[in-house]
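Visitor: sequence unknown, structure follows:
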């Protein structure tokens with residue numbers, strides 16, 4: 001028998017099965033597959049799905065070589081050369097996908113050697129070809145068994161990695177805002193048991209004791225997850241983030257009080273960048289392995305044998321590889337390394353979108369911004385959104401914010417087609433339209449506030465009162481009265497706006513109102529007392545500081561401490577407690593300038609005191 005032809009045929013069949021196992025799930029679920037194999041997220045997801053379809057079609061041409069390698073010898077050599085082409089392309093020209101090059105190399109080497117030996121053997125003993133034909137009949141039986149095994153493995157793989165169950169339903173709209181899923185678990189979520197034990201295994205990677213709370217992440221008694229985190233079963237339970245991660249705030253009247261949690265407010269303690277850096281630091285540590293993490297998991301919970309194997313052999317190594325790839329790849333989060341840190345209560349909201357979602361060139365821009373509230377939006381109809389007014393349509397802001405958090409467009413498409421009560425994103429939209437900011441928690445001098453309203457109406461209302469002539473519009477940066485730090489404006493480009501407007505083509509929903517502005521939004525001031533620090537980059541600690549000339553404002557202060565300053569109106573930003581709990585904010589750092597916004601700085605001291613009292617009522 002021409003044993004080399006038999007072995008070549010077997011290797012080609014295995015390659016066909018391996019290609020199908022890789023390509024079929026990618027064709028149906030490109031986003032989760034890209035995440036599973038720690039690959040750069042390509043957009044639109046049509047392209048990895050199309051690549052999977054091409055791989056299936058190419059694989060079909062291997063079948064004659066597998067059935068009868070010597071009878072269809074040209075096809076057999078083409079099958080070998082196709083593997084070689086994959087090795088050269090992925091290992092030599094596109095090293096972001098080197099895994100595929102190594103995959104093809106694993107088949108190219110044995111196929112090339114075996115086919116060469118089979119051809120030589122056939123030339124020496126042509127009569128053995130008849131024996132090969134008889135053996136082929138036996139091989140079909142073996143192939144049937146193999147296909148059953150592959151089908152079972154595929155079903156098991158689907159159940160363990162991709163099968164989604166509906167997320168938890170919260171009867172309360174507020175709880176849905178705080179803990180409801182927006183679909184981030186499937187593509188950017190962390191497997192639950194890994195997420196749970198990381199602070200226990202890596203306390204040295206955190207700024208202090210308390211687990212995730214040491215990163216300023218808010219916890220609420222009686223809830224399994226912190227505020228801003230959601231859980232959904234996608235193969236296994238996974239933890240993702242939602243809108244509340246950046247849009248929930250806390251305050252205390254005194255240092256001994258328990259924090260009051262205010263949904264839809266601007267997060268003032270949470271540091272999203274430090275949360276990311278904690279995950280990256282864990283992944284970069286050799287203790288991030290199956291033995292160490294599973295030992296900690298099993299201290300608390302006994303997983304099934306299948307789940308243990310899934311975590312140990314697949315989820316832990318793939319989670320680690322994904323986090324390391326995100327940290328190091330420039331278009332993921334590698335671009336953050338040379339730039340100033342965000343700090344507590346701040347985020348760069350659109351550079352991640354520019355690079356990770358829209359594939360824009362890395363330009364070194366700084367987009368560090370203070371968190372914004374998302375309350376009382378029904379009163380903001382017709383206004384623009386975001387600090388630079390880059391979109392004026394609430395629907396698009398909700399959808400694009402979910403995309404920025406990691407929600408796949410396929411999930412958004414399914415969710416947005418549901419009724420208002422069943423759709424997670426529509427429910428969040430309606431909650432943000434209706435929820436109101438809380439009242440100022442200290443006594444207010446009503447007579448003084450009445451005087452302050454006169455000053456406000458004369459100096460501020462045109463730009464900041466709801467219904468003001470310029471409220472919700474963009475003030476040009478060229479206005480010498482504005483003249484504040486322009487990094488946030490320069491970060492968002494016309495090319496980025498155009499790319500976002502093209503992003504959702506072909507879906508039932510669309511994005512079409514993104515634009516490039518050259519100024520900052522005149523924001524309405526509802527709930528102003530709870531929105532410190534002030535200005536778009538959070539560079540002024542209190543309203544009293546904002547009413548001072550820029551030269552008299554604090555050059556260095558600490559942000560992230562949630563005890564209120566009822567006199568200056570803001571949070572306490574200096575002293576031992578603020579220094580211990582907060583982030584040192586230096587206004588001399590690029591993107592942190594506290595210059596500009598000269599309105600109100602020239603009014604008389606008595607007028608300033610009255611104005612501050614009135615601003616507490618908003």
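Guide: Received it, and whenever you're ready, just let me know what you need. Computed from a predicted model, the values in this text were never measured in an experiment.
Visitor: Poorly predicted segments of the protein, please.
Guide: Applying pLDDT under 70 to the chain flags the ranges 1, 31, 35-46, 94-96, 126-151, 153-154.
Visitor: Could you pull out the strands in it for me?
Guide: 190-191, 229-234, 236-241, 248-251, 260-263, 346-347, 369-370, 474-476, 519-521, 556-559, 564-565, 570-571, 583-586 (DSSP state E).
Visitor: Okay, the closest residue to residue 406 other than its chain neighbours and residue 203: tell me how far apart.
Guide: Once flanking residues are discounted, residue 406 sits nearest to residue 188: 3.3 Å by C-beta to C-beta, 6 or more residues apart in numbering. C-betas here are computed from N, CA, C, even on glycine. Applying C-beta to C-beta, to the nearest Å, the value for residue 188 to residue 203 is 24 Å.
Visitor: Compare neighbour counts for the two and give me the winner.
Guide: residue 188 (20 against 13; other C-beta atoms under 10 Å).
Visitor: my guess is the more buried one meets residue 238, correct?
Guide: No: if you go by C-beta atoms under 8 Å, residue 188 and residue 238 don't touch, sitting 9.1 Å apart.
Visitor: burial of the residue nearest to residue 601 when sequence neighbours are not counted, as a residue count?
Guide: Leaving aside its chain neighbours, residue 601 sits nearest to residue 549 (5.0 Å; criterion: C-beta to C-beta, 6+ apart). Applying other C-beta under 10 Å, we find 10 residues neighbouring residue 549.
Visitor: measure residue 549 to residue 602 for me?
Guide: The value you get for residue 549 to residue 602, if C-beta to C-beta is used, is 8 Å.
Visitor: Kindly report the same for residue 497.
Guide: Here residue 497 is placed at a distance of 36 Å from residue 602 (C-beta to C-beta).
Visitor: Now for residue 198: which residues touch it?
Guide: Applying C-beta atoms under 8 Å, 6 or more residues apart in numbering to residue 198 gives the contacts 278-279, 282.
Visitor: actually residue 597, not the one I wrote
Guide: Counted by C-beta under 8 Å, 6+ apart, residue 597 has contacts 481-484, 535, 546.
Visitor: And residue 568, by the same measure?
Guide: 541-545, 612.
Visitor: can you check residue 209 too?
Guide: residue 203.
Visitor: Kindly recompute the last result at 10 Å.
Guide: Contacts of residue 209 were listed using C-beta atoms under 10 Å, 6 or more residues apart in numbering, and they are 199, 203.
Visitor: so what's the backbone phi/psi at it?
Guide: phi -70, psi 160 (degrees, to the nearest 10).
Visitor: Next step: the contacts of residue 597 restricted to helices.
Guide: Assignment to helices by DSSP state H places the following of the contacts of residue 597 there: residue 546.
Visitor: now the contacts of residue 597 as TSV including neighbour count?
Guide: What follows is these, written out as TSV (neighbours: other C-beta atoms under 10 Å):
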residue	neighbour count
481	11
482	18
483	15
484	24
535	21
546	25
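Visitor: Can you redo the contacts of residue 597 as TSV, where the extra columns are distance to residue 462?
Guide: Listed next are those as TSV, based on distance: C-beta to C-beta, whole Å:
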residue	distance to residue 462
481	12
482	14
483	18
484	18
535	19
546	17
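Visitor: Nearest to residue 6 among the contacts of residue 597?
Guide: residue 535 (74.5 Å; C-beta to C-beta).
Visitor: The closest one contacts residue 485, correct?
Guide: Yes: at 7.8 Å, residue 535 and residue 485 qualify as touching, with contact defined as C-beta atoms under 10 Å.
Visitor: OK, contacts around residue 468?
Guide: So residue 468 contacts 457, 460-462, 522, 524-525 (C-beta under 10 Å, 6+ apart).
Visitor: Apologies, that question was intended for residue 376.
Guide: Counting by C-beta under 10 Å, 6+ apart, residue 376 has contacts 264, 432-437, 466, 524, 526-527.
Visitor: tell me the helices in the stretch 351-500 of the chain, going along the chain?
Guide: Remark: helices assigned in the stretch 351-500 of the chain by DSSP state H, counting those that start in this stretch are 351-352, 394-405, 409-416, 424-434, 446-459, 461-464, 487-491, 494-501.
Visitor: Can I get the ones you listed in JSON lines including mean neighbour count?
Guide: Formatted as JSON lines, the helices of the stretch 351-500 of the chain follow (neighbours: other C-beta under 10 Å):
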{"stretch": "helix 351-352", "mean neighbour count": "23"}
{"stretch": "helix 394-405", "mean neighbour count": "21"}
{"stretch": "helix 409-416", "mean neighbour count": "19"}
{"stretch": "helix 424-434", "mean neighbour count": "20"}
{"stretch": "helix 446-459", "mean neighbour count": "16"}
{"stretch": "helix 461-464", "mean neighbour count": "18"}
{"stretch": "helix 487-491", "mean neighbour count": "21"}
{"stretch": "helix 494-501", "mean neighbour count": "18"}
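Visitor: Can you check which of the ones you listed gets nearest to residue 360?
Guide: helix 494-501 (5.3 Å).
Visitor: which secondary structure elements does the closest one contact?
Guide: helix 394-405 (3 or more C-beta pairs under 10 Å, 6 or more residues apart in numbering; DSSP states H and E).
Visitor: and the helix it packs on, what does it pack onto?
Guide: Partner elements for helix 394-405 (3+ C-beta pairs under 10 Å, 6+ apart): helix 409-416, helix 424-434, helix 494-501.
Visitor: same thing but 7 Å
Guide: helix 409-416, helix 424-434 (3 or more C-beta pairs under 7 Å, 6 or more residues apart in numbering; DSSP states H and E).
Visitor: of all these, which lies closest to residue 270?
Guide: helix 424-434 (18.1 Å).
Visitor: Show me the protein divided up by domain.
Guide: Domain segmentation of the chain under automatic domain parsing yields 3-161, 164-245+272-337, 526-615.
Visitor: Turn the ones you listed into CSV, columns for distance to residue 421.
Guide: Compiled in CSV, the domains of the chain are given as follows (distance: least, C-beta to C-beta, whole Å):
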stretch, distance to residue 421
domain 3-161, 27
domain 164-245+272-337, 10
domain 526-615, 27
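Visitor: correct me, but residue 236 touches residue 190?
Guide: No: between residue 236 and residue 190 there is no contact under C-beta atoms under 7 Å: 10.7 Å.
Visitor: For residue 586, see how far away residue 592 is.
Guide: Distance, residue 592 to residue 586, by C-beta to C-beta: 6 Å.
Visitor: same deal with residue 263?
Guide: Residue 263 is 31 Å from residue 586, by C-beta to C-beta.
Visitor: of those two, who's got more company?
Guide: residue 263 (21 against 12).
Visitor: residues contacting that one?
Guide: 174, 177-178, 244, 248, 435 (C-beta atoms under 7 Å, 6 or more residues apart in numbering).
Visitor: Which among the residues you listed count as buried?
Guide: Buried by 16 or more other C-beta atoms under 10 Å: 177-178, 244, 248, 435, out of the contacts of residue 263.
Visitor: quick one, what contacts residue 426?
Guide: residue 420.
Visitor: same deal with residue 249?
Guide: 262, 265-268, 530.
Visitor: Would you format these as a markdown table with neighbour count and distance to residue 222 included?
Guide: Listed next are the contacts of residue 249 as a markdown table, based on neighbours: other C-beta atoms under 10 Å; distance: C-beta to C-beta, whole Å:
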| residue | neighbour count | distance to residue 222 |
| --- | --- | --- |
| 262 | 22 | 18 |
| 265 | 24 | 20 |
| 266 | 23 | 24 |
| 267 | 29 | 21 |
| 268 | 28 | 23 |
| 530 | 25 | 24 |
